[in-house]
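**Q** I would like to see how this sequence folds:
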Amino acid sequence: MPGRVLYVIACAAPPAREAGLLVAAAQPAGWTVCVLLTPSAVRFTAVEALAGQTGFPVRSEYKNPGEPDVLPEPDAIIVAPATVNTINKWAAGICDTLALGILVEAVGKRLPIVAVPWTSAAHAAHPVFAENLAKLGSWGVQIVPTEDLDTGDPAAFPWLRALAALPSAAS
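**A** As a prediction, the model looks like this:
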């Protein structure tokens, strides 16, 4: 049975290519890491490399009814990069992807969750995005801000800040 289990949920944005950096930082900190992707994020990541790094399949789709779950239950979740689409659907309780279903359920279970938004400045300027970040924050989700959303360098994505933002009870 694994120790503390961290789900890393990556959305479809350029920093998702580097999700392995978060895995590499979390494992020596005592986390068993599982990676989940939004369906569109699959195009941004090296799925096989992440599976090899974690020792678990990388999931992006719901399993079939009656099939056993291949991942252990999470103790904490980091969603990074978190796109405007995921933030807005998550705050609305929409579960049309596995990643969103896990996130909606995690709020209900009161799991420690960290979100690192990554979107364009134009998307970030939409009023509902700020409202939904505030809503998620009021539910206990730790929001790690990223600067220069429109021109940010994906290589400078704050993976270590995301890991450090996990509440001490989870880490």
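**Q** can you give me the helices for this structure?
**A** All helices of the chain, identified by DSSP state H, fall at 19-26, 47-54, 84-91, 98-109, 121-124, 127-138, 159-164.
**Q** can the ones you listed go into CSV with extra columns for mean neighbour count, mean pLDDT and distance to Val144?
**A** The C-beta positions use only the backbone N, C-alpha and C, and glycine is treated the same way. As requested, the helices of the chain are arranged in CSV below (neighbours: other Cβ atoms under 10 Å; pLDDT from 0 to 100; distance: least, Cβ to Cβ, whole Å):
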stretch, mean neighbour count, mean pLDDT, distance to Val144
helix 19-26, 20, 96, 12
helix 47-54, 16, 97, 21
helix 84-91, 23, 97, 13
helix 98-109, 18, 97, 15
helix 121-124, 14, 87, 14
helix 127-138, 14, 96, 11
helix 159-164, 18, 94, 5
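**Q** Nearest to Asp75, out of the ones you listed?
**A** Across the helices of the chain, Asp75 has its closest neighbour in helix 98-109 (10.2 Å, Cβ to Cβ).
**Q** hang on, the earlier thing: what's the closest of the helices of the chain to Glu61?
**A** helix 98-109 (5.8 Å).
**Q** Is there a neighbour count for Thr45? I'd like the number.
**A** By other Cβ atoms under 10 Å, the residues close to Thr45 number 20.
**Q** May I have the residues that are in contact with it?
**A** Ala10, Ala16, Arg17, Ala19, Val35, Leu37, Val58 (Cβ atoms under 8 Å, 6 or more residues apart in numbering).
**Q** same check, this time on Cys34
**A** Val5, Leu6, Tyr7, Val8, Thr54, Phe56, Arg59, Leu71, Pro72, Pro74.
**Q** Show me what it bridges to in the sheet.
**A** Counting by DSSP bridges, Cys34 is bridged to Tyr7.
**Q** Redo the contacts of Thr45 as JSON lines? Include distance to Val128.
**A** Output for these, formatted as JSON lines (distance: Cβ to Cβ, whole Å):
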{"residue": "Ala10", "distance to Val128": "22"}
{"residue": "Ala16", "distance to Val128": "23"}
{"residue": "Arg17", "distance to Val128": "28"}
{"residue": "Ala19", "distance to Val128": "26"}
{"residue": "Val35", "distance to Val128": "28"}
{"residue": "Leu37", "distance to Val128": "24"}
{"residue": "Val58", "distance to Val128": "30"}
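**Q** Alright, that wraps it up for me.
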